[in-house]
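Visitor: generate coordinates for the sequence data below:
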Amino acid sequence: MDLILVRYSEVGLKSRSVRSRFERVLMDNMISALAREGIEALVNCDQGRIYVRTDKARIEDGVKVLQRVFGIASVSPVIETSSDMESIKATAVSYSKEVLASNSTFKIKSRRSGSHPFTSMDVAVIVGEAVLNANQERGVKVDIHHPNKEIFVEVRDNQTFVFSQYCDGTGGLPMGSQGRVLVVLDKDTDALAAWLIMKRGCRAFAIVEEENEAVRIVRRWDPELKVLPPGDLQAYCKRYKASAVVYGYLVEDEARIKESIGLPVPAFFPIVGMDGPTIAARMKRIRG
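Guide: A predicted model of the protein is given here:
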C-alpha cells in the first residue's frame, strides 16, 4: 500500500470556513496520534479527503491508530496511481492478484471526480474486464450482486486510488473543536459519558481521586488526558476555561443529579437515558 485515505463525517456538513478550521484540528489530532505510536507521516487535505503518507511497513499500524481519532468516518489503505486508464488497469490487475483468492468472485466499484475522457461506468467495465482476464486461469469470476470481494477504484483529477477495505472510524467531531469540559471519573460508566462528549468535539479534563479503570479507558482515546484532583469545580472551570461539567449518572441517580444542577456552568448527563444492555454494548466498544 502507498498511503491511507481518510474520510471524515460531520465535518463535511459545515460551512466552508468552519470546515476548514475543523479539518486543521482533525489533521493536528491525527498527526499527534500517529506520533505517539512512533509513526512518522505527512498529512494533507484535498477536496474533502485527507491523505496520510507513511512508511509502507507502518500502514496497518497507522490504520488502527486513525480508527481511534474522533471525527474520522472511515479509513482505507490504498494504492495510488495516475488517472491514465492504462495505469489504472495495470494497478488494479496487480492489486487483484494480491486480494482475490482462487475461484472467488469480485466486483469493481468506481467513483470519479474531475475531467476525464471516460465515465465512472467506463472505469468499472474496462478495469473489471482487465482484472477478469488477468485472473481467469485461477477461476476468478465477476459477480455484481454478491461478490466475495469488492475492489474500489476512485479517480480524483490526476490521481487514482485502488483499494478493497473500508475500515470504520469513530465518527463525530474532531476533539478540541468544541471547547473543554470537566468530567467526573468515579466509575467505569463515567468513562462512557466522557467518551460520548469527546465524540462531540470536546476535550475532557478528568476529575478523579486517583488513577482508576475509568481514567485508563478514557486515556485510550486521549493519551494526553489531563487528570485533576477533586476540588472546586467553579474554580477549575475558570482556570481551564471549561464550559460544562459531565457526569455518568443514570436515571436512578436522581438525587445526585439534583445536586449537580446548582453548578455555575451547564451539567451534562450523556448516558442518563440508556438502559443496561446499551451501556454494556458501548462499554465493550470503548474498552477495546
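
Visitor: quick one, strands of this structure?
Guide: Using DSSP state E, the strands of the chain run over residues 3-8, 41-46, 49-54, 72-82, 105-113, 141-142, 149-156, 159-163, 167-168, 180-184, 203-207, 226-228, 242-246, 267-268.

Visitor: mind putting those strands in a markdown table, mean pLDDT and distance to Lys89 included?
Guide: All C-beta atoms are positioned from the backbone trio N, CA, C, and that covers glycine. Converted to a markdown table, these look like this (pLDDT from 0 to 100; distance: least, Cβ to Cβ, whole Å):
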| stretch | mean pLDDT | distance to Lys89 |
| --- | --- | --- |
| strand 3-8 | 94 | 20 |
| strand 41-46 | 91 | 24 |
| strand 49-54 | 93 | 23 |
| strand 72-82 | 96 | 10 |
| strand 105-113 | 96 | 11 |
| strand 141-142 | 97 | 15 |
| strand 149-156 | 97 | 10 |
| strand 159-163 | 97 | 10 |
| strand 167-168 | 96 | 26 |
| strand 180-184 | 95 | 51 |
| strand 203-207 | 96 | 47 |
| strand 226-228 | 96 | 52 |
| strand 242-246 | 93 | 53 |
| strand 267-268 | 90 | 53 |
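
Visitor: quick one: closest of those to Gly128.
Guide: Ranking those by proximity to Gly128 (Cβ to Cβ) places strand 105-113 first, at 4.2 Å.

Visitor: pull the residues that contact that closest one.
Guide: Strand 105-113 is contacted by residues 47, 92, 96, 100, 118-121, 123-124, 127-128, 131, 140-144, 146-157 when judged by Cβ atoms under 8 Å, 6 or more residues apart in numbering.

Visitor: what's the angle from that strand to strand 159-163?
Guide: 150 degrees (axes from the mean of the first three to the mean of the last three Cα atoms, to 10 degrees).

Visitor: dump the strands of the chain to TSV, plus mean neighbour count and distance to Ala255.
Guide: As requested, those are exported to TSV (neighbours: other Cβ atoms under 10 Å; distance: least, Cβ to Cβ, whole Å):
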stretch	mean neighbour count	distance to Ala255
strand 3-8	23	41
strand 41-46	14	48
strand 49-54	19	46
strand 72-82	20	39
strand 105-113	19	54
strand 141-142	14	64
strand 149-156	20	53
strand 159-163	22	53
strand 167-168	12	39
strand 180-184	23	15
strand 203-207	22	19
strand 226-228	13	25
strand 242-246	20	17
strand 267-268	18	14
